[in-house]
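In: Curious how this folds, go ahead:
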Amino acid sequence: MASQTRQYVGAIDQGTTSTRFMVFDHDGCEVGRHQLEHEQIMPRSGWVEHDPAEIWRNTCTVVEQGLKDAGIDAGELAAVGITNQRETTVVWDPRTGETFGNAIVWQDTRTSALAAALDDEHGDLIRQKAGLQPDSYFAGGKLRWILENVDGVAEAAEQGNAIFGTIDTWLLWWLTGGPDGGLHVTDVTNASRTMLMDLETLQWDDELIAAVGVPTSMLPQIRSSAEEYGTTRTDGPFGAEVVLAGDLGDQHAALVGQACFEPGMLKNTYGTGNFLVLNTGTEIVRSERGLLTTVAYQFGDDAPVYALEGSIAVTGSAIQWLRDQLQVFDEAADSERLASTVDDNGGVYFVPAFSGLFAPYWRPDARGVIVGLSRFNTLAHVARAALEAICYQSKDVVDAMIADADLDLEVLRVDGGITANDLCMQIQADILDIEVSRPEVIETTCLGAAYAAGLAVGFWSSTDELVANWAENKRWRPTWDDTQRDEGYHQWKKAVERTLGWAE
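Out: Alright, predicted model coming up:
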């Protein structure tokens, strides 16, 4: 049981665009936080990279500043959890911590040809054992690309001087000592996003490893999502020994943070992309409609809980694109104000297929389009079309999920930064024709990592306490009639067709 003096749990959320550290109390309420953005490196069309050293430096800073913001010291933390952008791939030298180039981000499409070849040769194996559609999205293909294209990596791997990890592994390794005994571990949720882990055994699979073509020796040890992995080094950002006890990929963490512990519960996280995750319990449900089967979470020695997931590559990042590349507005929050100045999209549809289309289409050849423009249209219509794109892409996935799982969905739980956009959430309710519910704590990704860590050390005794912590902040109800809804979705599907086959 956690010490009475350890009244809080911390969580590191290493996301696609930023890193944050948050502190929560026993009621799941935020006590303090700090957050820093990191550089998005795009050396070529379709390539997206991050500097792992910058991410580690930012992690140190947000931990130190987050503790100050909370007004506590590390000795008051019962445990710390980590959640992360999942498929982003890092390879480094365990003797020094030096990386073999930048991390390849989950959005990166450089491995599209490799993924297509894997689908042709081993697609059925990967879908059956790993639960995934062979795609550039997943980490295994990125690792193979690094081995084949970055000088010295293959030779270093043979000598034991190059190891692989997703961002959780990279941070856990540094926090527990780095070159001086750092732990090389990951959890079942992150491992399930590599195309290398068997969903049933929860272990690296020899057939999958041979199919993807990577060395087993580079892979971290797979652990559960909630257990005591080790302690932080006293010379690290915490300045003390703190138990590291939670590790979840970001979308799995959001499911936990939303307290979706019963089969049939569904959440949608609105971030850089959108990610709908449906708890299917201890049953592995195979999708027939382009969804992914994944591990939802595993707490300690408990049986793993599985999920169906629909991953959408570009939603919030389309708003960032309008802000940064096109300079339509100064702040992302201004998208709501601008879009609210018009009553509808004026016939404009925006499909932001910047990285191809993920679920349920899986079309890496797609590229972004804005269609339906006339001289009547203004930037306000484009802004509204961008918000609608977030919601239409979610409908594509929700419809597939309802059919795959024979689901009767009445309420969609939502979280993530875009849920602060009331107009977008109203559009989501209108397009789906179901009610949309936002919790009091919208940073559910961080909260879920904290929950996993706290459960592992007894700070929370069971998931019942976490369910009791959940509270609704706001609910949106549909206002569109069936004709408006059907016509809008028909036009959306026409717009999607225009994206296909553009990249060769």
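In: how about His34, what does it touch?
Out: By C-beta atoms under 8 Å, 6 or more residues apart in numbering, His34 lies in contact with Arg20, Phe21, Thr61, Val62, Val63, Gln65, Gly66, Lys68, Asp69. C-betas here are computed from N, CA, C, even on glycine.
In: Try it again at 6 Å.
Out: Phe21, Val62, Gln65, Gly66, Asp69 (C-beta atoms under 6 Å, 6 or more residues apart in numbering).
In: quick one: which of the residues you listed sit in strands?
Out: Among the contacts of His34, the ones falling in strands (DSSP state E) are Phe21.
In: Select from the contacts of His34 the one having the most neighbours.
Out: Neighbour counts for those were taken using other C-beta atoms under 10 Å; the highest belongs to Phe21, with 30 neighbours.
In: give me the beta-bridge partners of that residue?
Out: Judged by DSSP bridges, the bridge partners of Phe21 are Ile12, His34.
In: Same question for Ala226.
Out: According to DSSP bridges, the partner residues bridging Ala226 are Gly246, Phe299.
In: pretty sure it is in contact with Leu455, am I right?
Out: Yes. Here Ala226 reaches Leu455: they are 5.0 Å apart, a contact under C-beta atoms under 6 Å.
In: Now for the two: what residues contact both?
Out: Residues within reach of Ala226 and of Leu455 at once, by C-beta under 6 Å, 6+ apart, are Phe299.
In: got the CA positions of stretch 127-144 in CSV?
Out: Extracted C-alpha coordinates of stretch 127-144, given in CSV (Å, rounded to 0.1, in the frame of the first residue of the first chain):
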residue,chain,number,x,y,z
ARG,A,127,-3.7,-9.8,-39.5
GLN,A,128,-4.3,-13.1,-37.7
LYS,A,129,-1.5,-13.0,-35.2
ALA,A,130,-0.8,-9.3,-34.7
GLY,A,131,-4.4,-8.1,-35.4
LEU,A,132,-3.0,-5.3,-37.6
GLN,A,133,-3.3,-4.3,-41.3
PRO,A,134,0.2,-4.2,-42.8
ASP,A,135,0.8,-0.5,-43.1
SER,A,136,3.5,2.1,-42.9
TYR,A,137,1.8,3.2,-39.6
PHE,A,138,3.4,0.4,-37.5
ALA,A,139,6.8,0.3,-35.8
GLY,A,140,8.1,-3.0,-37.2
GLY,A,141,8.4,-1.7,-40.7
LYS,A,142,10.0,1.5,-39.5
LEU,A,143,12.6,-0.6,-37.7
ARG,A,144,13.3,-2.6,-40.8
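In: Sticking with the residue located most distally from the centre of the chain, tell me its helix or strand.
Out: Note on the chain: the largest separation between a C-alpha and the mean C-alpha position, by C-alpha atoms, centre = their mean, falls on Arg375 (38.4 Å). When elements are assigned from DSSP states H and E, Arg375 belongs to no helix and no strand.
In: can you tell me how far it sits from Asp343?
Out: Arg375 sits 18 Å away from Asp343, going by C-beta to C-beta, to the nearest Å.
In: Residues contacting stretch 88-103, please?
Out: Contacts for stretch 88-103 (C-beta under 6 Å, 6+ apart): 41, 49-52, 104-106, 139, 142-143, 146, 150, 153, 161-165, 167, 170, 178-179.
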